[in-house]
Structures are given as C-alpha cells and as structure tokens.
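[1] Predicted coordinates and the sequence they were generated for:
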Amino acid sequence: MTVHTTWLLDIDGVVNASRAGWSRAPEVSHAFIPGRSFRMRYEPQLIKLINDMVGIGVNVMLCSTWCMYPVNIRQALGLPDLPNAFEAGPSTDVWQAKIDAAHQSADVGRLVWTDDDLTADVAASVHPVCKYGPPLIIRPRSSMGLRPDDARIIEAYCRAPDDESMALELGQGQRVRSQSFGDQARPARLT
C-alpha cells in the first residue's frame, strides 16, 4: 500500500520572507487583495521544489492566512493550484485550523508541516496522532524562510520509500533531527 504524503505549507515567514534568497537577492512580486497590496519576496528554487513535490504526488496544501485568497498568492508566487488545508474566513481561528489540519493529515499519511509560528508544544501534539511514521516539522526563521538544507530534507522525506521516514524539527536557532528506524527514534544535533 502506498502511503501519501501531505505538506502543510505556510506562506509568510516560510516562502515569503524578507531575506528569502538563497544565493542571491530574493525574487519580488506583489499579492493583491481588495484594497491592499503585499510585497512578496521568495526564492525561485523553493517554488520549483514545491512544484516538483506536487509533480511526484505530494499533496501540498496551503496552510496559511492566505487560504482566504488562494488564487492571489498562487499568482504572486507562481505556485501550482494548491488546495487549502482549511476553509478560511474573517472569523476563522487560523491557528486552530492549522492544528486541526495537521492532525487530520497525520491520520491519513505522512506529514510535512512548515510554519514559522510553530511551537514545541504544538509540534509535540502532532507526533502521537501520526499513524505513518514521525512527521517532518520545520519552523524556519521568519525573516529567512525555508533554506537550502530544509529543501533537501523535505525532498528526501517526500521521496523516501513508505517504510522509511525521518522526522525533523527545526526551531529558532535549534536544529534537532531524528531518524526513525522501525519504532526507534534517534535524536541527533545538526550543526
């Protein structure tokens, strides 16, 4: 049986970041919503990774306040037609909707969750509900977004055979990785 992978993708602080460029200045575009324009800074190689992961069957879902304006953000960043992880409106508790989406996704397959606002408590709450191995959880620095090492780890996790997975939690200045080998998890520091 093939286990599907879902990637819950936040936008601001993950894809859109003031210092998003990896080896050069970030690309700049604008996302428009009624009455406002938002400057978007992003790394084209990250957009390529997202497109590549969609291409191999990863269910990449918007898990962001941008769920209220999915077409606008897709056009601004050149993203494919990504489904929303939750339905958002002016009264939506977005943070609770993100947590609910993570729990629902972890119940049906492997989970990648990238969000700059994740806390250790929220990340820990996802682990017990993951039926298909440990999740890959990355909390990038809001000003930098996902970095090349994050992209390589996401790609490796998404391409790993169903019986292999690794879990990664990255926090502000703290990088801890664990690889799963059956029921055993071995944490190790990353430099």
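    Received the coordinates, thanks. These numbers were taken from a predicted model, which means no experiment stands behind them. Numbers count the residues shown, from 1 in each chain.

[2] Show me which residues of the helix or strand hosting Cys158 are buried.
    Here Cys158 sits within helix 148-159, counting by DSSP states H and E. By neighbour count with 16 or more other CB atoms under 10 Å, helix 148-159 contains the buried residues 150-151, 153-154, 157-158. For the C-beta atoms, the positions are set from N, CA and C on the backbone; glycine is no exception.

[3] Save those residues as CSV, and put in pLDDT and distance to Ser125 too.
    Formatted as CSV, the buried residues of helix 148-159 follow (pLDDT from 0 to 100; distance: CB to CB, whole Å):
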residue, pLDDT, distance to Ser125
Asp150, 96, 22
Ala151, 96, 26
Ile153, 95, 21
Ile154, 95, 21
Tyr157, 93, 20
Cys158, 93, 22
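
[4] Need the residue closest to the centroid of this protein.
    Thr114 (2.7 Å; CA atoms, centre = their mean).

[5] Check the spacing between the residue nearest to Ser37 when sequence neighbours are not counted and Ala156 real quick.
    Computed as CB to CB, 6 or more residues apart in numbering, the closest residue to Ser37 that is not its neighbour in sequence is His30, at 5.0 Å. Here His30 is placed at a distance of 33 Å from Ala156 (CB to CB, to the nearest Å).

[6] picking that back up, and the helix holding Cys158, what does it pack onto?
    In terms of contacts (3 or more CB pairs under 8 Å, 6 or more residues apart in numbering; DSSP states H and E), helix 148-159 is packed against strand 5-9, helix 44-55, strand 110-114, strand 136-138, strand 165-171.

[7] could the ones you listed be laid out in JSON lines, adding distance to Phe38 and mean pLDDT?
    Listed next are the helices and strands packed on helix 148-159 as JSON lines, based on distance: least, CB to CB, whole Å; pLDDT from 0 to 100:
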{"stretch": "strand 5-9", "distance to Phe38": "17", "mean pLDDT": "96"}
{"stretch": "helix 44-55", "distance to Phe38": "17", "mean pLDDT": "97"}
{"stretch": "strand 110-114", "distance to Phe38": "19", "mean pLDDT": "94"}
{"stretch": "strand 136-138", "distance to Phe38": "23", "mean pLDDT": "93"}
{"stretch": "strand 165-171", "distance to Phe38": "25", "mean pLDDT": "44"}
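
[8] nearest to Asp100, of those?
    strand 5-9 (10.8 Å; CB to CB).

[9] helices and strands around that closest one, which ones?
    strand 59-62, helix 94-106, strand 110-114, helix 148-159.

[10] Just the pLDDT at Pro83, thanks.
    If you check Pro83, the pLDDT there is 95.

[11] sorry, back to before: out of the helices and strands packed on helix 148-159, the one nearest Tyr69 is which?
    Relative to Tyr69, the nearest member of those by CB to CB is strand 5-9, separated by 14.8 Å.
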